[in-house]
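>>> pasted the sequence and its predicted model underneath.
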Amino acid sequence: ATVHEPVNDGCGTCHDAHAADHDGLLISAGQELCASCHDVAANAFSQAHQGYPVTSGCIDCHAQHSSSDPGLLREVVHDPVRSGDCDDCHSVNGAEIGLQSFQGGLCLSCHEDTPGASEHDPVREGDCQSCHAPHASEYAGMLSEPPTSVCLKCHEQGQIIRGIAHEPAAQGACLDCHGGHAGTGDALLKAEAPGLCFECHERDVYADTPQVHQPAKEGLCLECHSSHESPYKGLLVDRESKVCFSCHNETMREKGLFSQHRPFARGECTGCHTPHGGEQAGLLHTALDDGALCLTCHDELSEALEKENAHDPFAERDCMTCHGTHGTNQANLIIGQPGEVCLDCHDDVNAETAQYRFQHDPVSKRDCVACHSGHGSAYPGNLSKGQPALCLGCHAEVAQYWRDGALHQPAAEDCTSCHNAHGSDQPGLMSMASGALCAECHDQDTSEFLAAHQGIKPGQDSCISCHDPHGGPQDNLLYPVSHGPFSPDNCTPCHEGRAQ
């Protein structure tokens, strides 16, 4: 490299360290500064400039600090300057340096390969110097300014102000997509979309996949994307949901449903779908039939898959058996009335409960999830809680004496010891008539039983006339409010003793 001598002597040779009246903190006007060392009237200076009376414009050709050229010429030099053929463009009239005059323009007298159709305005107007330096430049194509700024002098794309910029636009690499002199269409593109887009964005990734989005397949990139910049991710022309719904009108109507999938409600279609193409039907990111897509977000359910009592559809990762995709009119994206959805598979329960005189209230309301977990649980029958906690969630009064009184052991262990969960022909959903049920555990023919009842054998189904079947204040589980003669322990005023 060739270094300008003042650089070796120190920056203060040309620059003021603190402040100056001239650009670049120069200690004097640029031309005067050059002339302070280089005698423009000297014969050697004139010979170096092909005998031209050059007295100004030094940095039009020369680098100020260093260059790979021995004469400190800039990195990109116009061929006539490099060869010393200044007369190709200039003429001299005394001390004045002028330009040659050619029909059709000076530049086009040599640069005849510039296309004539779809021309850049400066090309059409012959204003080459609006983009190019005439003698030398530091930039490819002999641009007068860095590529990051030369185009933006006229074309304000706003990529610095607004959101996300296309990488070539952000880097000022306008010529990656556009022709500098001419091109295809009004935008002077080097090629039509999608051919131009696929030069960077590989076709086999974006358009030649087993399942492909129709706009990508047809190369309609600009239907969805802006070319230079956008306030929306992915350089979309609008919010993601509006872009998608501009074609998918039927899906848009699902926005009015009561329960909506969160990505859908947020307008994040790409949360589940790939926008260009992929391997899966419906342009899904991953397979739907094995639950992989759903579990990418609902990973908290993965642990439940390992439970012994996982609900069959959930264990088989068949989420769509019960749930919709975008939205439904039921909570939790259930595809129909919850009970009806359950009974589509559990038709045996439907047949069973239909024959009962009495149905458990949640059963009659088809509210299966009042007791059961939809995905599964650690409890038999996919119950959401164990016994008796599940039942006490609604029937808290059953346990009113359990802490400060006495409890009936079957009630405290498992409500279904005495009750049918879905329904029964007996009041209280008893699994059989109350007297017979009590007799399953309590032998009424023993002497101890008769003694406890003052020698009187209770009538059939009369047990719960005196005893609370769940618990009571005393160990005998008698109701706390008693008929006067009965309390204390005196049945004979009303009942004759009967041991048979």
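Yep, it's here. Numbering: from 1, shown residues only.
>>> what segments of the stretch 251-400 of the chain are strands?
For the stretch 251-400 of the chain, applying DSSP state E, counting those that start in this stretch gives strands covering 259-260, 277-278, 309-310, 327-328, 358-359, 376-377.
>>> which stretch in those has the least confidence?
Per-stretch mean pLDDT for those is lowest at strand 309-310 (a mean of 83).
>>> quick check: which helices or strands does that strand pack against?
Judged by 3 or more C-beta pairs under 8 Å, 6 or more residues apart in numbering; DSSP states H and E, strand 309-310 is in contact with strand 376-377. To be clear about C-beta, it is placed using only N, CA and C from the backbone, and glycine gets the same treatment.
>>> what does the strand it packs on rub up against?
Around strand 376-377, the neighbours that count as contacts under C-beta atoms under 8 Å, 6 or more residues apart in numbering are 304-305, 307, 309-311, 314-315, 382-385.
>>> partners of it, with directions?
In the sheet, strand 376-377 lines up against strand 309-310 (antiparallel) (DSSP bridges).
>>> phi and psi next, for the closest residue to Cys463 other than its chain neighbours.
Distances taken as C-beta to C-beta, 6 or more residues apart in numbering place Cys438 nearest to Cys463, at 4.5 Å, with adjacent residues excluded. Main-chain torsions, Cys438, degrees, to the nearest 10: phi -60, psi -40.
>>> just to revisit the earlier point, to His408, which of the strands of the stretch 251-400 of the chain lies closest?
strand 358-359 (21.2 Å; C-beta to C-beta).
>>> ok, how many other residues are close to Ser56?
11 (other C-beta atoms under 10 Å).
>>> so it sits in a helix?
No - checked against DSSP: H, G, I helix; E, B strand; the rest coil, Ser56 lies outside a helix; its state is coil.
>>> what's the separation between it and Gln31?
For Ser56, the distance to Gln31 equals 5 Å [C-beta to C-beta, to the nearest Å].
>>> repeat that for Cys89.
Applying C-beta to C-beta, the value for Cys89 to Gln31 is 21 Å.
>>> what residue ranges in the stretch 401-500 of the chain score low on pLDDT?
Residue ranges of the stretch 401-500 of the chain with pLDDT under 70: 487-489, 496-500.
>>> likewise the chain?
103-104, 113-118, 157-162, 487-489, 496-500.
>>> from Met430, how far out is the residue nearest to Cys463?
Counting by C-beta to C-beta, the gap from Cys438 to Met430 is 10 Å.
>>> most centrally placed residue in the chain?
Gly271 (4.5 Å; C-alpha atoms, centre = their mean).
>>> hmm, it is touching Pro263, no?
Yes - between Gly271 and Pro263 a contact is recorded at 3.3 Å, counting by C-beta atoms under 8 Å.
>>> what sits in contact with each of the two?
Joint contacts of Gly271 and Pro263 (C-beta under 8 Å, 6+ apart) are Cys297.
>>> mind putting the contacts of strand 376-377 into TSV with distance to His408 and neighbour count?
As requested, the contacts of strand 376-377 are exported to TSV (distance: C-beta to C-beta, whole Å; neighbours: other C-beta atoms under 10 Å):
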residue	distance to His408	neighbour count
Ala304	34	18
Leu305	38	15
Lys307	31	17
Asn309	28	16
Ala310	33	19
His311	32	20
Phe314	36	21
Ala315	36	17
Asn382	27	21
Leu383	21	18
Ser384	24	16
Lys385	20	15
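>>> quick check, nearest of those to Phe358?
Leu383 (20.6 Å).
>>> what's around the closest residue to that closest one other than its chain neighbours, how many residues?
Of all residues not flanking Leu383 in the chain, Leu390 sits nearest, at 5.6 Å (C-beta to C-beta, 6+ apart). Taking other C-beta under 10 Å as the criterion, the count of residues near Leu390 is 18.
>>> what sits against Leu390?
371, 379, 383-384.
>>> distance of the nearest residue to Ala421 once chain neighbours are set aside relative to Cys394?
Excluding the flanking residues, the one nearest Ala421 by C-beta to C-beta, 6+ apart is His360, at 6.3 Å. Applying C-beta to C-beta, the value for His360 to Cys394 is 10 Å.
>>> more neighbours, these two?
His360 (20 against 13).
>>> from what I can see that one touches Thr416, true?
No - using C-beta under 8 Å, His360 is not in contact with Thr416, being 11.2 Å away.
>>> give me the phi and psi angles of the residue nearest to Arg357 when sequence neighbours are not counted.
In space, and not counting its chain neighbours, Arg357 is closest to Asp425: 4.7 Å by C-beta to C-beta, 6+ apart. Main-chain torsions, Asp425, degrees, to the nearest 10: phi -90, psi -10.
>>> now do the contacts for the closest residue to Ala187 other than its chain neighbours.
Distances taken as C-beta to C-beta, 6+ apart place His178 nearest to Ala187, at 6.6 Å, with adjacent residues excluded. Contacts for His178 were tallied using C-beta under 8 Å, 6+ apart; they are 187-190.
>>> count the residues that sit near Glu156.
Based on other C-beta under 10 Å, the number of other residues close to Glu156 is 10.
>>> if we can go back for a sec, now the contacts of Leu390 in TSV, with distance to Trp402?
Compiled in TSV, the contacts of Leu390 are given as follows (distance: C-beta to C-beta, whole Å):
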residue	distance to Trp402
Cys371	21
Tyr379	21
Leu383	20
Ser384	21
